[in-house]
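Visitor: fold the stuff below for me.
(one chain, ligands or ions: 2)
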Amino acid sequence: MTIPENHRVIDQRIDRVVPLTTPALLLHELPLDDALTAAVLTGRRAVGQVLDRADDRLLVVVGPCSVHDPAAALDYAHRLRAAAEQVSEDLLVVMRVYFEKPRSTVGWKGLINDPGLDGSGDVNTGLRRARALLLDVLRLGLPVGCEFLDPITPQYIADTVAWGAIGARTVESQVHRQLASGLSMPIGMKNRPDGSIATAVDAIRAAEVPHVFPGIDVSGTPAIMHTRGNADGHLVLRGGGGRPNYDAESVAGALDLLRAAGLPERLVVDASHANSGKDHRNQPVVAADVAAQIAAGQRGIVGIMLESFLVPGRQDLDPTRELTYGQSVTDACIGWDTTDEVLANLAAAVRTRRATTSLPTPA
Ligand SMILES: O=C[C@H](O)[C@H](O)COP(=O)(O)O
Ligand SMILES: C=C(OP(=O)(O)O)C(=O)O
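Guide: Ligands and ions are numbered 1, 2, ... in the order given. Down below sits the predicted model:
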């Protein structure tokens, strides 16, 4: 048989092409009903008010580094919901429900990419499980936060999300900055893995303005997206270049950079990643330092991120043994008891700040 000429030049390194469900079909199967729509809008508004300091609470984005077992994540969500209610006067708790993992080299890329945890790459099942869990978490009354990594997946899940992140590895990417400019929720821009904060500041500025780029619409049809720009971009300090950047001096330096760029002086501190040296036992140390800065009156810190799960630490994905229930398969997380303590300490710090300082005019 003769091979058509163009088969020698296209898809030479594509092994297999599998049809992908459309966003519209998934949204039809797992709809965001009126009550959940209202919950997402309330969550986004609440996050926006904390960022603008119209609300003096602290945003706390807390949850597993990645979801690999939706049942364990939902179990965690039940506990978090109860804890969030207890501190709701002082903390706005958003659950980290992360499905897309950007890897430094290679590794498991998250539940959407590989729900079987075995490299089989059943993205259709991954999207369905991810969306089902997002709806379950929303039903419990918790707002949801996640990282947007793939430029196609937001059409499948973004309607459920109150806070989003562009990660350290993609913050310099035009594709992700354009995407952020069109996303409907506030977006945190992380500093680069080498510690560059200026790159994240550039990302906030880039995402603030309208862009035009190729994407897909909700029907899955290729479309030219004309965005309006995202005014709710903000900096996330996650440490980098082998050094943390959560201390008072680093925070002041980052706020100076934001001011110099004409941006609101507000940031979120990620207590994990390079700020913890990826050792979960350091996260409470980071959180205590952040709490002390807040108690001393630092209003530039509007939020904190914690990587937390039911069981402390992490485990390797190992097909030869059963996984420990409720323990991370990516970065090490603090366990539930420590999470509870950290939340109580942060809430106390916010109360101290409230009692000793008055709100500035929102930036
Ligand atoms: O948050 C998770 C990890 O820090 C991120 O995905 C990078 O992980 P890696 O350096 O192990 O690939
Ligand atoms: C990958 C993450 O963080 P970073 O982009 O800061 O490495 C994350 O929060 O899961």
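
Visitor: where does the stretch 101-250 of the chain get nearest to ligand 2, residue-wise?
Guide: Nearest residue of the stretch 101-250 of the chain to ligand 2 (C-beta to the nearest ligand atom) works out as Gly167 at 3.0 Å. C-betas here are computed from N, CA, C, even on glycine.

Visitor: and that residue, what does it touch?
Guide: For Gly167, the contact set (C-beta atoms under 8 Å, 6 or more residues apart in numbering) comprises Pro102, Glu147, Leu149, Lys190.

Visitor: one more: Arg169?
Guide: Counting by C-beta under 8 Å, 6+ apart, Arg169 makes contact with Pro102, Ser104, Arg192, Pro193.

Visitor: now the helices for this protein?
Guide: Here the chain has its helices, by DSSP state H, at 23-29, 34-51, 70-86, 123-140, 154-157, 174-182, 198-208, 248-260, 283-295, 336-356.

Visitor: tell me the gap between the fifth one and the middle of its chain.
Guide: Translated: helix 154-157. Relative to its chain's centre, helix 154-157 lies at 14 Å (C-alpha atoms, centre = their mean, to the nearest Å).

Visitor: same check on the first one?
Guide: Between the centre of helix 23-29 and the centre of its chain there are 23 Å (C-alpha atoms, centre = their mean).

Visitor: list the buried residues in it.
Guide: Residues of helix 23-29 classed as buried by neighbour count (16 or more other C-beta atoms under 10 Å): Pro23, Leu25, Leu26, Leu27.

Visitor: now do the fourth one
Guide: Using 16+ other C-beta under 10 Å as the burial criterion, the residues of helix 123-140 that qualify are 123-131, 133-138.

Visitor: next one: the second one
Guide: Neighbour counts over helix 34-51 (16+ other C-beta under 10 Å) mark Leu36, Ala39, Val40, Gly43, Arg44, Ala46, Val47, Gly48, Gln49, Val50, Leu51 as buried.

Visitor: just the C-alpha atoms of that helix, please, in CSV.
Guide: C-alpha atoms of helix 34-51 as CSV (Å, rounded to 0.1, in the frame of the first residue of the first chain):
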residue,chain,number,x,y,z
ASP,A,34,-28.1,27.5,40.6
ALA,A,35,-27.1,27.0,44.2
LEU,A,36,-23.6,26.0,43.3
THR,A,37,-23.3,28.9,40.9
ALA,A,38,-24.3,31.2,43.7
ALA,A,39,-21.7,29.6,45.9
VAL,A,40,-18.9,30.1,43.3
LEU,A,41,-19.8,33.7,42.8
THR,A,42,-19.9,34.3,46.6
GLY,A,43,-16.5,32.6,46.9
ARG,A,44,-14.9,34.7,44.2
ARG,A,45,-16.4,37.9,45.6
ALA,A,46,-15.1,37.1,49.1
VAL,A,47,-11.6,36.4,47.7
GLY,A,48,-11.7,39.7,45.8
GLN,A,49,-12.7,41.6,48.9
VAL,A,50,-9.8,40.1,51.0
LEU,A,51,-7.4,40.9,48.1
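
Visitor: tell me the angle of that helix relative to helix 123-140?
Guide: Counting by axes from the mean of the first three to the mean of the last three C-alpha atoms, to 10 degrees, helix 34-51 points 80 degrees away from the direction of helix 123-140.

Visitor: need the contact partners of helix 34-51.
Guide: Helix 34-51 is contacted from outside by 32, 55, 57-59, 92, 94, 135, 138-139, 141, 143-144, 159-163, 184-186, 232, 234, 264, 266, 302-303, using C-beta under 8 Å, 6+ apart.

Visitor: is it possible to mark the buried ones in those residues?
Guide: 32, 55, 57-59, 92, 94, 135, 138, 143-144, 159-163, 184-186, 232, 234, 264, 266, 302-303.

Visitor: narrow the residues you listed to those in strands?
Guide: Those of these mapping onto strands are Leu58, Leu59, Leu92, Val94, Val144, Trp163, His234, Val302, Gly303, per DSSP state E.

Visitor: got those as TSV, with pLDDT and distance to ligand 2 columns?
Guide: As requested, those are arranged in TSV below (pLDDT from 0 to 100; distance: C-beta to the nearest ligand atom, whole Å):
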residue	pLDDT	distance to ligand 2
Leu58	98	18
Leu59	99	15
Leu92	99	18
Val94	99	13
Val144	98	14
Trp163	99	12
His234	99	14
Val302	98	17
Gly303	99	13
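
Visitor: circling back: now render the buried residues of helix 23-29 as CSV, adding pLDDT and distance to ligand 1.
Guide: Conversion of the buried residues of helix 23-29 to CSV gives the following (pLDDT from 0 to 100; distance: C-beta to the nearest ligand atom, whole Å):
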residue, pLDDT, distance to ligand 1
Pro23, 98, 25
Leu25, 98, 29
Leu26, 99, 24
Leu27, 98, 27
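
Visitor: wait, which of those is closest to Asn245?
Guide: Nearest to Asn245 among these: Pro23, at 36.7 Å, using C-beta to C-beta.

Visitor: neighbours of the nearest residue to that closest one once chain neighbours are set aside, just the number please.
Guide: Leaving aside its chain neighbours, Pro23 sits nearest to Gln155 (3.8 Å; criterion: C-beta to C-beta, 6 or more residues apart in numbering). By other C-beta atoms under 10 Å, the residues close to Gln155 number 20.
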